[in-house]
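> Sequence unavailable; structure follows:
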Ligand code: ATP
């Protein structure tokens with residue numbers, strides 16, 4: 001993990017938020033390469049989830065009517081049990097003490113469970129994870145609103161709006177990508193548990209009775225999405241929630257887990273939420289949330305199958321999965337360790353780098369022309385500094401799948417050397433074919 005965090009900072013993937021002020025716990029900023037990777041992950045999700053005939057997209061606001069969160073159960077139930085250490089004042093999630101360490105510098109490395117056994121902890125209290133703020137100029141209790149802790153509710157309250165505008169009939173889904181906020185008691189493991197994060201959620205509305213089949217379908221579909229973008233299948237597993245651990249709204253739930261360096265952790269949840277949410281919003285708003293089937297003349301409240309992925313947690317899983325160090329030849333017969341981010345070409349922040357072999361003989365001018373030809377289509381990087389081997393290594397570490405070198409052969413036949421990141425294989429491609437070549441290679445993967 002330390003290597004990933006340090007590469008993230010060095011190469012401009014992720015920085016600590018407000019770093020010059022000492023950082024803000026649980027908040028992170030995405031740098032130039034990070035923002036590209038994050039956008040690519042979201043783009044791939046959006047394409048997979050909404051470029052199909054039975055799913056529509058929306059973008060709901062972060063602030064919603066406070067009654068939404070009463071109806072959803074978040075005001076009453078979105079809590080974690082919290083304990084305080086009377087001695088060092090550290091706070092812990094009572095259900096996650098196993099791996100926690102004592103917060104006192106005097107007992108560095110001491111397990112929190114030991115402090116608990118010594119009777120230093122308070123009784124567990126329930127702590128609501130929703131961030132509160134005020135809407136309008138009056139800071140009184142009537143004006144309280146919450147930063148949404150999940151994007152799902154923005155979809156439920158718009159269910160009939162979207163259904164009638166798009167003329168969809170169940171089974172159909174509504175997808176959304178957006179920020180969510182949770183005042184987590186302990187943030188940890190880099191991007192895994194943060195206070196501000198992004199979710200990629202889809203709610204699929206189905207006729208009751210067909211819910212179990214659709215649940216199975218989405219469970220399979222979502223795991224294969226990660227695999228289709230190059231994530232190692234052996235690092236992914238399902239974790240079924242035991243019936244006694246199911247959330248209050250769920251009939252069945254599976255997590256898709258990734259094996260991080262610190263152990264298995266959830267990256268996406270697939271939930272059968274029954275008709276809980278729509279029924280509650282009907283109760284609390286007094287507006288019907290039922291669907292009327294014109295053909296069968298039936299009126300019913302659909303069941304909801306939810307697929308809820310963290311964009312930032314997926315980002316971290318893709319980064320961890322792609323990171324490798326390996327021995328590679330330097331070109332002069334020696335071996336050296338190279339660090340590679342083997343990101344899928346569709347996720348890679350920069351798709352191609354262009355190098356002139358030497359800074360003379362017109363090679364920089366040709367290189368710049370190639371860069372200009374690629375730029376409208378793909379993110380491209382031009383680099384003319386240092387030995388060619390070093391330039392390759394820099395791009396390997398940034399995950400760039402293709403490096404194009406202008407060399408003496410280019411001057412003769414207008415071809416460039418294309419070197420592929422993972423295999424390090426080289427081939428010659430005509431300069432005028434570069435954009436087509438890149439498009440084909442990126443799509444073919
Ligand atoms: P956990 O048990 O880890 O707190 P959860 O079961 O509460 O997660 P969900 O409510 O199912 O998580 O949220 C769906 C997805 O949103 C998770 O799979 C995860 O990818 C992401 N997510 C949830 N909380 C956070 C967080 N604090 N930081 C980053 N991503 C998060």
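That came in fine, so what should we check first? Everything quoted here is computed from the prediction, not taken from an experiment. Numbers count the residues shown, from 1 in each chain.
> quick one, what contacts the residue of the chain found nearest the ligand?
Of all residues in the chain, the one sitting closest to the ligand is residue 310 (2.3 Å; C-beta to the nearest ligand atom). In this view, the C-beta of every residue, glycine as well, is placed from N, C-alpha and C. Counting by C-beta atoms under 8 Å, 6 or more residues apart in numbering, residue 310 makes contact with 197-200, 267-268.
> out of these, which touch the ligand?
197, 199, 267-268 (C-beta under 6 Å from any ligand atom).
> shaky segments in the chain?
For the chain, applying pLDDT under 70 flags the ranges 331.
> Up against the ligand, what does it have?
150, 182, 184, 193-194, 197, 199, 266-269, 308-310, 312-313.
> Which ones among those map onto helices?
Residues of these located in helices (DSSP state H): 312-313.
> Check the gap between residue 327 and residue 81 for me.
With distances taken as C-beta to C-beta, to the nearest Å, residue 327 is found 48 Å from residue 81.
> okay, those two: which has more neighbours?
residue 81 (15 against 8; other C-beta atoms under 10 Å).
> packing partners for the helix or strand harbouring the more buried one?
Assigning secondary structure by DSSP states H and E places residue 81 in strand 79-84. Using 3 or more C-beta pairs under 8 Å, 6 or more residues apart in numbering; DSSP states H and E as the contact criterion, the elements in contact with strand 79-84 are strand 91-93, strand 125-128.
> want to throw those strands into CSV with mean neighbour count?
Formatted as CSV, the helices and strands packed on strand 79-84 follow (neighbours: other C-beta atoms under 10 Å):
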stretch, mean neighbour count
strand 91-93, 18
strand 125-128, 14
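> how about those strands in a markdown table, adding distance to residue 51?
Below are those laid out as a markdown table (distance: least, C-beta to C-beta, whole Å):
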| stretch | distance to residue 51 |
| --- | --- |
| strand 91-93 | 39 |
| strand 125-128 | 38 |
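> closest to residue 16 out of those?
strand 91-93 (20.3 Å; C-beta to C-beta).
> any idea how far the most centrally placed residue in the chain lies from residue 431?
Nearest to the mean C-alpha position of the chain, by C-alpha atoms, centre = their mean, lies residue 311 at 1.8 Å. Remark: distance between residue 311 and residue 431 (C-beta to C-beta) = 37 Å.
> picking up where we left off before, strands - which of the ones next to the ligand among the contacts of residue 310 land there?
Among these, DSSP state E puts 197, 199, 267-268 in strands.
> Counting neighbours, show which residues of stretch 112-128 come out buried.
For stretch 112-128, the neighbour count (16 or more other C-beta atoms under 10 Å) marks 112-113, 115-116, 120-121, 127-128 as buried.
> Let's see the distance spanning it from one end to the other.
Using C-alpha to C-alpha, to the nearest Å, one end of stretch 112-128 lies 22 Å from the other.
> which residues sit against it?
74-75, 78-87, 90, 92, 94, 97-98, 100-102, 107, 183, 185.
> Weed out the non-buried ones from those residues.
For these, a burial check counting by 16+ other C-beta under 10 Å picks out 74-75, 78, 80, 82-85, 90, 92, 94, 97, 100-102, 183, 185.
> before we move on, back to that, give me every residue that touches the residue nearest to the centre of the chain.
By C-beta under 8 Å, 6+ apart, the contact list for residue 311 reads 38, 41-42, 45, 177, 197-200.
> now do 7 Å
Shown in contact with residue 311 (C-beta atoms under 7 Å, 6 or more residues apart in numbering): 38, 41-42, 177, 198-200.
> which non-adjacent residue is nearest it?
residue 198 (3.8 Å; C-beta to C-beta, 6 or more residues apart in numbering).
> wait, the one you found sits on residue 179?
Yes: using C-beta atoms under 7 Å, residue 198 is in contact with residue 179, at 5.5 Å.
> Which one of the two is surrounded by more residues?
For residue 198 versus residue 179, neighbours defined as other C-beta under 10 Å are more numerous around residue 198 (20 against 14).
> The more buried one and residue 176: what is the separation?
From residue 198 to residue 176 the distance is 11 Å (C-beta to C-beta).
> For residue 42, give me its contacts.
Here residue 42 is in contact with 177, 200, 311 (C-beta under 7 Å, 6+ apart).
> Would you mind giving the secondary structure of it?
For residue 42, the assignment made with DSSP: H, G, I helix; E, B strand; the rest coil gives helix.
> What lies in contact with the helix or strand encompassing residue 164?
In this structure, residue 164 sits in helix 159-166 according to DSSP H and E. With contacts defined as C-beta under 7 Å, 6+ apart, helix 159-166 is touched by 56, 58, 174, 205, 278, 289, 291.
> gap between it and the chain center?
On the basis of C-alpha atoms, centre = their mean, to the nearest Å, helix 159-166 sits 27 Å off its chain's mean C-alpha point.
> What of stretch 255-275?
12 Å.
> which residues make contact with that stretch from outside it?
Residues outside stretch 255-275 that contact it (C-beta under 7 Å, 6+ apart) are 1, 189, 192, 208, 211, 215, 218-219, 222-223, 235-239, 249-254, 301-310, 313-314, 317, 320.
> ok, the strand holding residue 81: who's next to it in the sheet?
strand 91-93 (antiparallel), strand 125-128 (antiparallel) (DSSP bridges).
> mind listing what's buried in stretch 263-274?
For stretch 263-274, burial by neighbour count (16+ other C-beta under 10 Å) applies to 265-274.
> Which two among those are spaced furthest apart?
Every pair of the buried residues of stretch 263-274 checked by C-beta to C-beta; the farthest is 265 and 274, at 26.4 Å.
> I appreciate the help and will end here.
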